[in-house]
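**Student:** heads up, no residue letters with this:
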């Protein structure tokens, strides 16, 4: 049974650990973004057009176009009609991060669930080993890469990578968990609205609903609720015995999360069917996008 589906006696401890790790990741990322903004630049990380060569006296990287580009990808692709690739909850998967310049660099990969991984490589002369991760929640997560070289940090705000964590057994045939239908919108139009990123001052909308009930005797879903990370501002919300929906905005850049908590009463206590959306919030005016996305990118 996966980590998000735990007995009530363990849930409080696990929730506290998850909340603390997500808060720590949020503080680290906000510090990076604020530091970049205060220095007058936020590095873009996707091929640009119209870039000119720097003048001979231009200082390295921090004010010289073009900046290094940070790439993050996984060896999976979105299927037909999908906007993002999928990984299986509870199973390890690989991810890769790299630069397009031959430099020593310290890489950090944020997984969108409050955890991160780091490594140091020399590009073009050394292959970057894959990083691995396991999601313990169902949900939609956004991966963000950053690279530090020559005392400057470059954030891959245009190479964000969305992934969906899916159940190893479809919830529609589960005997103890309810079927689940979820939605997400970042407020834009068309397929791009499903990508988990937005800007400061903009809003996102999420919803979740039970589509079927457990068939095993004694397992009864209770009304779902939403929990958001610090800094997420609730705009509006609605709930019922089988569904919940809300809109949020964000006043500061960084990585945030919203989790649907679905408690299920069972003969020995309570288990949980949770679903998490992670959202990357960019500073006003900073372009956001992905480089290795599905057919709708």
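**Tutor:** In hand now; what should we look at? Just so we're clear, the structure is a prediction, and the values are computed from it rather than from any experiment.
**Student:** I figured residue 75 hits residue 94, correct?
**Tutor:** Yes: if you go by Cβ atoms under 8 Å, residue 75 and residue 94 touch, sitting 6.5 Å apart. (Glycine included, C-beta is placed from N, CA and C.)
**Student:** the two: which is more packed in?
**Tutor:** Shown here are residue 75 and residue 94; by other Cβ atoms under 10 Å, residue 94 has more neighbours (14 against 10).
**Student:** what is that one paired to in the beta sheet?
**Tutor:** Listed beta-bridge partners, residue 94: residue 132 (assigned using DSSP bridges).
**Student:** report pLDDT for it.
**Tutor:** At residue 94, the pLDDT value in this model is 95.
**Student:** kindly report the same for residue 292.
**Tutor:** Residue 292 is given a pLDDT of 77.
**Student:** what about it, how many residues nearby?
**Tutor:** 19.
**Student:** test my guess that it contacts residue 71.
**Tutor:** Yes: counting by Cβ under 8 Å, residue 292 does reach residue 71; the two are 7.4 Å apart.
**Student:** what touches both of those two?
**Tutor:** Common contact partners of residue 292 and residue 71 (Cβ atoms under 8 Å, 6 or more residues apart in numbering): residue 159.
**Student:** hang on, residue 234 packs against residue 228?
**Tutor:** Yes: applying Cβ under 8 Å, one finds residue 234 in contact with residue 228, separated by 7.1 Å.
**Student:** higher neighbour count, the two?
**Tutor:** Shown here are residue 234 and residue 228; by other Cβ under 10 Å, residue 228 has more neighbours (18 against 12).
**Student:** all strands for the stretch 51-200 of the chain, in order.
**Tutor:** 70-73, 85-88, 93-99, 104-110, 116-122, 131-133, 138-149, 152-155, 161-166, 179-185, 197-199 (DSSP state E, counting those that start in this stretch).
**Student:** nearest residue to residue 87 other than its sequence neighbours?
**Tutor:** In space, residue 87 comes closest to residue 93 once its chain neighbours are excluded; the distance is 4.5 Å by Cβ to Cβ, 6 or more residues apart in numbering.
**Student:** now for residue 110, how many residues are close by?
**Tutor:** Neighbour number of residue 110 under other Cβ under 10 Å is 27.
**Student:** so it bridges to which residues?
**Tutor:** residue 116, residue 144.
**Student:** pLDDT at it, what is it?
**Tutor:** Reported pLDDT for residue 110: 95.
**Student:** my read is that it contacts residue 141, right?
**Tutor:** No: the criterion here is Cβ under 8 Å, and residue 110 misses it with residue 141 at 9.7 Å.
**Student:** what's the overlap in contacts for residue 234 and residue 228?
**Tutor:** residue 248.
**Student:** assumed residue 281 was part of a strand.
**Tutor:** Yes: under the criterion used here (DSSP: H, G, I helix; E, B strand; the rest coil), residue 281 sits inside a strand.
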